[in-house]
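Asks: Starting from these lines, generate the structure:
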Amino acid sequence: MYKKKQMVEVEIIDLGDKNQSFGRLEDGISIFVQGPAAVGDTVKAEIFKVKKKYLVARMCELVEPSPHRIDPVCPYFGLCGGCKWQHMNYAEQLRLKRKQVQDALEHLGGFKEIECEPALAAPNLFGYRNKMDFSFTDLRYLTPDEMGIEPGAHAKPLDFAVGFHAPGCFSKAIDIDHCDLSTEEMNITLNTVRKFCLAHRDELPIYSTHTHTGELRNLVVRHGGHTGEFMVNLVTSTHQAELMEQLCVALKDALGDRLTTFVNNTTSAKNTVAFGEKEFVLYGPGYITDRLGDYTYRISANSFFQTNTVQAEKLYNEILKAAQLKETDLVYDLFCGTGSITLFASGHCQKVLGVELVESSVRDARENAKRHNVDNCEFIQLDMKDFRKIEPELREFGAPDVVITDPPRAGMNPKAVKMLLEIAPPVIVYVSCNPASLARDGQMFCEEGQYRLVSCQPIDMFPQTNHVESVARFERCR
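Replies: Numbering: from 1, shown residues only. Model prediction:
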């Protein structure tokens, strides 16, 4: 019999979701361990949940390290919810990412015959992100070293933080000074904005999700991976023109000519999603550009763009490889964002229809196509669950030979999947950032024998994290 608070020693044999690892005790019972463990570690853990067939525990001590374990470089490792895999060497990260996709396809999707390819490695393991979203909160997350300090003795205020949320703790944030996945400009901006906001706390109080009052919500920074163009977007509840002009001066002083544009997005939403309802441009054009292959893309504050520019090119080449496009093909690009995949495919087929929900993204997509004199692309603004609303446009455009779909993490709406099955293109190329969503949607494609999964290529877009992208090709059976 096992009890809560009981200490056990276990060897970690696999990793699971939500920062958990997996092992078996000597009597064969399964145990899920929360904390930064690596496969091959032997750890001591304290049980806090006892179920009939398994236990859940918290890692307390590393008894014997795995041969894959390395020292993480980040001082916030183990607290921040981002880089959960900094303690594992990169070869092990790649092995586990492929395994995530393979396991999801087999166990969630029922695909027993498919073998995923090895995950494609990223060239840059740090400093690779072209976008970071920092959250403001009025409840600073305290590190274990700070827990016993008297409230008045803290080096930083307790009621101000701009940084990242700890896992499962959305009301508090770790007040970080830098992030190793960010570029130098991003970290300079983070500290410049923090200093300015602390100096103007009366005019710029932090927005509270409890009282729904306050101003400061998010700091979003975007950096063109190939162009070097740099955007700062401060998301607030209202626009305070004089203060934003002062902040603009501070950013220019800190960044010099590296600052391309500064915008202030405002929102009245009660949640903390960094998406503006109105936008005020304080400096520059209000957007930046970045390149993927032969194409340069316009990126606004609220537009989607792949977060790792260098690795995105590798991803897009894998999409083309999976699509096997011919010059006569008609292509649909669903969830097209700013049209990056659409344009990438346009030179390999007859024409492409891009479908996207966000108005600013559609606007940017059209501008991107126009800038490159690409005249075989069309773009439509639509929520994918309302796919039937554009049946006349689809008929006019023509039935697709290939559909490329790159849905958000939650996957496709079942209504959109059903509509796609009715359209029945010969080939579906599914681009996924969530193996579980790929497995679920893929199962819907194949459950009545209409399609079969023929290939799946994992790609590491986010080193040091447990996230993995994949490109899967489905072919129609009849």
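
Asks: What's opposite residue 59 in the beta bridge?
Replies: residue 45 (DSSP bridges).

Asks: what's the distance between it and residue 35?
Replies: Computed as C-beta to C-beta, to the nearest Å, the residue 59 to residue 35 distance reads 3 Å. (Glycine included, C-beta is placed from N, CA and C.)

Asks: So between the two, which is more surrounded?
Replies: The neighbour comparison of residue 59 against residue 35 (other C-beta atoms under 10 Å) goes to residue 59, with 21 against 16.

Asks: which ones are touching that one?
Replies: Remark: with contacts taken as C-beta atoms under 8 Å, 6 or more residues apart in numbering, residue 59 is in contact with 21, 33, 34, 35, 36, 37, 43, 44, 45.

Asks: shared neighbours of residue 59 and residue 35, which are they?
Replies: Residues touching both residue 59 and residue 35 by C-beta under 8 Å, 6+ apart: 21, 43, 45.

Asks: Can you add distance to residue 289 and neighbour count and give those back as CSV?
Replies: Listed next are those as CSV, based on distance: C-beta to C-beta, whole Å; neighbours: other C-beta atoms under 10 Å:
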residue, distance to residue 289, neighbour count
21, 42, 23
43, 47, 26
45, 49, 26
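
Asks: Just name the closest of these to residue 182, please.
Replies: residue 21 (27.4 Å; C-beta to C-beta).

Asks: Now do the closest one, the pLDDT please.
Replies: On pLDDT, residue 21 comes in at 95.

Asks: count of residues packed around the residue found closest to it once you drop the neighbours it is linked to in the chain?
Replies: Leaving aside its chain neighbours, residue 21 sits nearest to residue 37 (4.1 Å; criterion: C-beta to C-beta, 6 or more residues apart in numbering). A total of 27 residues lie near residue 37 under the criterion other C-beta under 10 Å.

Asks: Please, which helix or strand holds residue 37?
Replies: Secondary structure from DSSP states H and E places residue 37 outside every helix and strand.

Asks: Checking residue 265 next. Helix, strand or coil?
Replies: strand (DSSP: H, G, I helix; E, B strand; the rest coil).

Asks: Just grab the bridge partners of it for me.
Replies: Beta bridges link residue 265 to residue 235, residue 279 when assigned by DSSP bridges.

Asks: Settle this for me: it is touching residue 276, isn't it.
Replies: Yes. Counting by C-beta atoms under 8 Å, residue 265 touches residue 276, with 2.5 Å between them.

Asks: Now for these two: what residues contact both?
Replies: Common neighbours of residue 265 and residue 276 (C-beta under 8 Å, 6+ apart) are 233, 235, 301, 302.

Asks: for the closest residue to the third one other than its chain neighbours, what are its contacts?
Replies: Think residue 301. In this structure, residue 301 finds its nearest non-sequential neighbour in residue 233, 4.3 Å apart by C-beta to C-beta, 6+ apart. Residues near residue 233 by C-beta under 8 Å, 6+ apart: 219, 220, 221, 222, 262, 263, 264, 265, 274, 276, 301.
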